[in-house]
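Chemist: mind looking at a prediction? Sequence and model below.
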Amino acid sequence: MRPAPRLRAALLFVLAALVACDSGEGLPEPPLLLAVSPSQGGTDAEVEVSLSGRNFQPHVETDFAASGGALDGTFAARLVPTAGGADVELREVLRVSPELLTARVPEGLEAGAYDVVVVAPSDTEVKLESAYRVRGEAGSVATFRFSLASLQRVGVPFSVSLTAEDARGQTVDGFTGTVRLSDRTGSLTPVLAGPFSGGRARVLVRVDTPLGDNRLRVEDDLGHASESEPFEVRNGLPAQVFWASGALSPVTGACSGPLELEVRDTLGAPADVEAPLAVTVIADPPEDFTLFVDATCTTAVPDGRLSLTGVRTSAYFVARREGPLELHVLPDTLPGDSQLHTAIPAAALPSSPGGTNPEEGSALGTTAARQEARLAP
């Protein structure tokens, strides 16, 4: 015997209350989407996914006036491309429990990130942003994107980030290969980067030659190649001060030189001097030695203190005692260098018809000969 219409309506009302309230307490709550598993898939096959959440409940309608009612447990779900484009309906959306739905992602989707939207039987929609990603296949790589700073130093390792992208500029998540690296200087190390993970890789590289408009180049095994934007590779930072000029044989009492001081980096290459670098030049023996800043030996350097503002700095000197003369350059903050010279008396200069020729057998030249009489004690 069928229940009376009013009794059937009452039973449906009670069923609606029981379904809407899992714990038996409180009012019905809206559905909530918490996670999608797996959260990514390829483009060449369907992917079955689980949609986890809460309050995935059927919808119950009652109509006391008409003595009827209905129970609807049909859910729907779709993917919404985060970069824009048409929505994609998921297939075979099934309610497993109040906390779980299952569905199938169709094949052939474009690579990229997607929001996931679930539609409850009551037409209530819930969304989880960027919850699913379609991986690009390795064969779809069209280019590589670089990320690196625009200023680098010779000999100093720096980080380079690489991203494999397709023709639309989307990350090719499925690329896991290794690529070859090179640059315009030919001094880049290492020459390989990878393997990639999720279409991305990071590598520490070093360039050993300065260049104002250097570029990095990357190429994969299929011949896809890209170049970075130009970037500057400057000289390294100062690491030591050296004597760049060779040993001299100064004539006693004459203006001699030049002495060349060079600031070098850790690789022994010329270094950028970004702030004045103070050094002291000390002679051994210290007596009868004077340092000058000019080629005529008229402007003496107090206490042998020089300020280096470039890669190379010149100085001149007068030695008034013959014999070995060792010069030491002592920077305030860096290692220095030493060099041995040998001072010779003016009488030791070779003679030529008509008198002594100061340009022969001497590093001094005519200026030194002219200075000898004025500077001698």
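Modeler: All right, it came through fine. Keep in mind it's a predicted model, so treat the numbers as computed, not measured.
Chemist: low-confidence ranges in the stretch 101-250 of the chain?
Modeler: Within the stretch 101-250 of the chain, the set of residues satisfying pLDDT under 70 is empty.
Chemist: show me the helices in this structure, by range?
Modeler: Secondary structure of the chain (DSSP state H): helices at 5-20, 365-375.
Chemist: which of these has the lowest mean pLDDT?
Modeler: The minimum mean pLDDT among the helices of the chain belongs to helix 365-375 (a mean of 38).
Chemist: I'd say residue 197 and residue 176 touch.
Modeler: Yes - shown here, residue 197 and residue 176 form a contact pair, counting by C-beta atoms under 8 Å, at 6.7 Å. In this view, the C-beta of every residue, glycine as well, is placed from N, C-alpha and C.
Chemist: the more surrounded of the two?
Modeler: More crowded of residue 197 and residue 176, by other C-beta atoms under 10 Å: residue 176, with 15 against 11.
Chemist: and stretch 38-57, how far apart are its ends?
Modeler: Stretch 38-57 has an end-to-end distance of 23 Å (C-alpha to C-alpha, to the nearest Å).
Chemist: also stretch 308-328?
Modeler: One end of stretch 308-328 to the other measures 15 Å (C-alpha to C-alpha).
Chemist: so residue 82 touches residue 113, yeah?
Modeler: Yes - counting by C-beta under 8 Å, residue 82 does reach residue 113; the two are 4.5 Å apart.
Chemist: from residue 225, how far off is the residue minimising distance to the centre of the chain?
Modeler: Central residue of the chain (C-alpha atoms, centre = their mean): residue 159, 3.5 Å from the mean position. Noted for residue 159: a distance of 21 Å to residue 225, by C-beta to C-beta, to the nearest Å.
Chemist: next: residue 320.
Modeler: 66 Å.
Chemist: what's the answer for residue 100, then?
Modeler: To residue 225, residue 100 is 47 Å away according to C-beta to C-beta.
Chemist: residues contacting the nearest residue to residue 216 once chain neighbours are set aside?
Modeler: Leaving out its chain neighbours, the residue that sits closest to residue 216 by C-beta to C-beta, 6 or more residues apart in numbering is residue 228, at 4.2 Å. Each residue near residue 228 by C-beta atoms under 8 Å, 6 or more residues apart in numbering is listed here: 146, 148, 215, 216, 217.
Chemist: and which of those is nearest residue 314?
Modeler: Set against residue 314, the nearest of these by C-beta to C-beta is residue 215 (36.0 Å).
Chemist: for the spatially closest residue to the closest one that is not a sequence neighbour, name its beta-bridge partners.
Modeler: Nearest residue to residue 215, sequence neighbours excluded (C-beta to C-beta, 6+ apart): residue 227, at 4.9 Å. Residue 227 has these beta-bridge partners by DSSP bridges: residue 217.
Chemist: is residue 227 in contact with residue 216, as I believe?
Modeler: Yes - using C-beta under 8 Å, residue 227 is in contact with residue 216, at 6.9 Å.
Chemist: which one's more surrounded, these two?
Modeler: Just comparing residue 227 and residue 216: by other C-beta under 10 Å the higher neighbour count belongs to residue 216, 23 against 16.
Chemist: ok now do residue 120, which residues does it touch?
Modeler: Contacts of residue 120 by C-beta under 8 Å, 6+ apart are 30, 31, 56, 57, 59, 75, 126.
Chemist: determine which two of those are furthest apart.
Modeler: Maximum pairwise distance among the contacts of residue 120 (C-beta to C-beta): 14.3 Å, between 59 and 126.
Chemist: next, count neighbours for residue 38.
Modeler: Applying other C-beta under 10 Å, we find 12 residues neighbouring residue 38.
Chemist: neighbours of the residue nearest to residue 147 when sequence neighbours are not counted, how many?
Modeler: Sequence neighbours aside, residue 161 is the residue nearest to residue 147 in space, at 3.9 Å (criterion: C-beta to C-beta, 6+ apart). The number of residues packed around residue 161, counting by other C-beta under 10 Å, is 12.
Chemist: show me what residue 319 bridges to in the sheet.
Modeler: Residue 319 has the following beta-bridge partners by DSSP bridges: residue 289.
Chemist: hmm, back to that, in CSV, list the contacts of residue 228 along with distance to residue 292.
Modeler: Below are the contacts of residue 228 laid out as CSV (distance: C-beta to C-beta, whole Å):
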residue, distance to residue 292
146, 51
148, 46
215, 46
216, 47
217, 50
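Chemist: neighbour-wise, which of those leads?
Modeler: Neighbour max across the contacts of residue 228 (other C-beta under 10 Å) = residue 216, 23 neighbours.
Chemist: domain-wise, how is this structure divided?
Modeler: 5-134, 138-234, 240-375 (automatic domain parsing).
Chemist: ok, the residue nearest to the centre of the chain to residue 270 distance?
Modeler: Taken as C-beta to C-beta, the span from residue 159 to residue 270 is 25 Å.
Chemist: give me every residue that touches residue 163.
Modeler: Going by C-beta under 8 Å, 6+ apart, residue 163 touches 144, 145, 147, 171, 199, 200.
Chemist: just the buried ones from these?
Modeler: Buried members of those, counted by 16 or more other C-beta atoms under 10 Å: 144, 145, 171, 199, 200.
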